[in-house]
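Visitor: Got a predicted structure plus its sequence, pasted below:
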Amino acid sequence: MINVLVVDDDFMVAEVHSKFVNGTEGFHTVGVARTGAEALRMVDELQPQLILLDVHLPDISGLEVLGRLRAGPHLVGVFVVTAESDMDAVREALHGGALQYLVKPFTQEDLRSRLVHVKSTLDRLTSGQADQQLIDRAFGVPPASTHTEVLPKGLSAETIVLVRDIMADASEVSASECGDRVGISRVSARRYLEHLVALGEAEVRLNYGSAGRPERRYRAIPR
């Protein structure tokens, strides 16, 4: 579970963002701060793993908060969520080490998909040695390829990345479990999983229960 501190001076916006976070599997809002000073204090007190940080705060800029966090002892992920789309702000956030930058207004799905990506990255970077492929994925570098993957109609490139991440993290999953984690229906998740089976990236086994149809469970084929 990744504990999240939501930082936004607008009470209603902070409430909505908190609900979006709590509605994403693997994430929990541990606090809400409405100023930069309050955010820095709550980081000390609550030790969150991730901060949803607005740029425009009533005392100091969210980008200054980011800079102070990076200069301090806290190893905390920062996800900028703001109405500020000025290129200088985006560049400062990038250079300051922000994991994501999402411009308001956005949907729950916009935030959820990026949170899932952040969690997948953090879950993989735990201990041991990282190969270049893992490092590239953590830094958002697309895999080297001479062609663009062609997906069946109705499947999206963004979602299949999430499904692949889940397959890599889990020993095996059902379509229902995959759908819950990605935020899509069981039927849609099964289409993605069956596509990976067709590509030879995954295999399926039938799990026979005490009654009813056997459950199809999928696992990635090691490369």
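Guide: Cool, got the structure. Just so we're clear, the structure is a prediction, and the values are computed from it rather than from any experiment.
Visitor: how is this protein carved up into domains?
Guide: Domain ranges of the chain: 2-124, 145-220, per automatic domain parsing.
Visitor: among the ones you listed, which is nearest A130?
Guide: Nearest to A130 among those is domain 2-124 (7.9 Å), distances taken as CB to CB. In short, each C-beta sits where N, CA and C put it, glycine included.
Visitor: Endpoint to endpoint, that closest one covers what distance?
Guide: Length of domain 2-124, first residue to last, CA to CA, to the nearest Å: 14 Å.
Visitor: Could you tell me how far that domain lies from the centre of the chain?
Guide: Chain-centre distance of domain 2-124: 12 Å, with CA atoms, centre = their mean, to the nearest Å.
Visitor: And the average pLDDT for that domain is what?
Guide: Domain 2-124 carries an average pLDDT of 93.
Visitor: again, but for stretch 187-203
Guide: Stretch 187-203 carries an average pLDDT of 92.
Visitor: Can you give me the buried ones in it?
Guide: Counting neighbours by 16 or more other CB atoms under 10 Å, one finds that the buried residues in stretch 187-203 are 188-196, 201-202.
Visitor: nearest to S176, of these?
Guide: For the buried residues of stretch 187-203, the closest approach to S176 (CB to CB) belongs to A189, at 7.4 Å.
Visitor: Next, the closest residue to the closest one other than its chain neighbours: phi, psi?
Guide: Counting by CB to CB, 6 or more residues apart in numbering, A189 lies nearest to G179, which is 3.6 Å off, once chain neighbours are set aside. The phi/psi pair for G179 (degrees, to the nearest 10) reads phi -60, psi -40.
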